[in-house]
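Participant: Below is the sequence, then the predicted model.
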Amino acid sequence: MATNKWVIDPSHSEVMFKVKHLMISNVTGVFNGFQGGAATEEDDFSTAQFEFSAPINAISTNNEQRDGHLKSADFFDAENYPELTFKSKKVEKVDDDTYSIIGDFTIKGVTNEAKLKMEFGGITKDPYGNTKAGFSLNGKINRADYGLTWNAALETGGVMVSEDVRLNADIQLVKQ
C-alpha cells in the first residue's frame, strides 16, 4: 500500500477553543497560525497518523490585554513554551463518518493523553486539481492538567475561568 502525506490548508481551516468566564458565558479564542497534517495508507483515515502544532503567540481572543495575559507565565508561558502540539497514537473508527483520535497533547511542556471526536466530511478535488479531505474535530481538556492553573475566586462563588477547555477545529487537508 502507498503511504500518502496530507498537510493542513491553513486558508480553509480554523482552530478554536472556548472557556467559561465568570461561570456565566464563554470566551472564544482562535489560533491564527498552525501547521500539521496526516500520513495515511492510501486514502484510509482509519489508520492515519495525525500531527498538529500551533505557536502560542498565534492565540487571539479578540482582546489584546487578555491575549497578553494568556501568553504570560500565568497561563501558556509563550517565552519558555512557544508551541502546543498534538500527535495521534491511535484512531478508532466509530462509524462511516466518525472517528475517535487518541493522542499526546502537549502544552507548557506537559504531555497528557487526549481524545478527540473527528467527523469526516469526505474527499474531493478542488477546481485546481488538488485532492482535499475535510474534518470537524472537537474535544475537551482540563487546563489544570497542563499547568494552566491561574484563576481568581468570585465573591458570589465559583471562579473567573473554568478548568474545562472545549476544543473545536475545522480542518481541510491537501494531499501532497
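Facilitator: Arrived safely, thanks for sending. Residues are numbered from 1 along each chain as shown.
Participant: For stretch 35-52, report the contacting residues that lie outside it.
Facilitator: Outside stretch 35-52, the residues within contact range by C-beta atoms under 8 Å, 6 or more residues apart in numbering are 1-8, 10, 15, 34, 53-54, 85-88, 91, 93, 99, 101, 103, 120, 123, 133, 173, 175. No exception for glycine: its C-beta is placed from N, CA and C like everyone else's.
Participant: Can you give me the end-to-end span of that stretch?
Facilitator: 6 Å (C-alpha to C-alpha, to the nearest Å).
Participant: Where does pLDDT dip in the protein?
Facilitator: Scanning the chain for pLDDT under 70 picks out 1.
Participant: Pull out the buried residues from stretch 59-67.
Facilitator: 59-61, 66-67 (16 or more other C-beta atoms under 10 Å).
Participant: And stretch 96-114, by the same measure?
Facilitator: So for stretch 96-114, counting by 16+ other C-beta under 10 Å, buried means 99, 101, 103, 105-108, 114.
Participant: Could you identify the most distant pair in those?
Facilitator: Spatial extent of the buried residues of stretch 96-114 (C-beta to C-beta) is set by the pair 99 and 108 at 27.3 Å.
Participant: Can you show me the helices along the protein?
Facilitator: When secondary structure is read from DSSP state H, the chain shows helices at 64-71.
Participant: What segments of it are strands?
Facilitator: 3-8, 14-21, 25-31, 35-41, 44-55, 59-60, 83-95, 98-107, 110-125, 131-142, 161-175 (DSSP state E).
Participant: Turn these into JSON lines, columns for distance to residue 74.
Facilitator: Formatted as JSON lines, these follow (distance: least, C-beta to C-beta, whole Å):
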{"stretch": "strand 3-8", "distance to residue 74": "29"}
{"stretch": "strand 14-21", "distance to residue 74": "14"}
{"stretch": "strand 25-31", "distance to residue 74": "15"}
{"stretch": "strand 35-41", "distance to residue 74": "26"}
{"stretch": "strand 44-55", "distance to residue 74": "18"}
{"stretch": "strand 59-60", "distance to residue 74": "13"}
{"stretch": "strand 83-95", "distance to residue 74": "16"}
{"stretch": "strand 98-107", "distance to residue 74": "14"}
{"stretch": "strand 110-125", "distance to residue 74": "15"}
{"stretch": "strand 131-142", "distance to residue 74": "17"}
{"stretch": "strand 161-175", "distance to residue 74": "10"}
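Participant: Tell me which of those strands lies nearest to residue 72.
Facilitator: Evaluated over these, closeness to residue 72 peaks at strand 59-60, with 11.2 Å, by C-beta to C-beta.
Participant: Summarise which helices and strands that closest one is packed against.
Facilitator: For strand 59-60, the packing partners by 3 or more C-beta pairs under 8 Å, 6 or more residues apart in numbering; DSSP states H and E come out as strand 25-31, helix 64-71.
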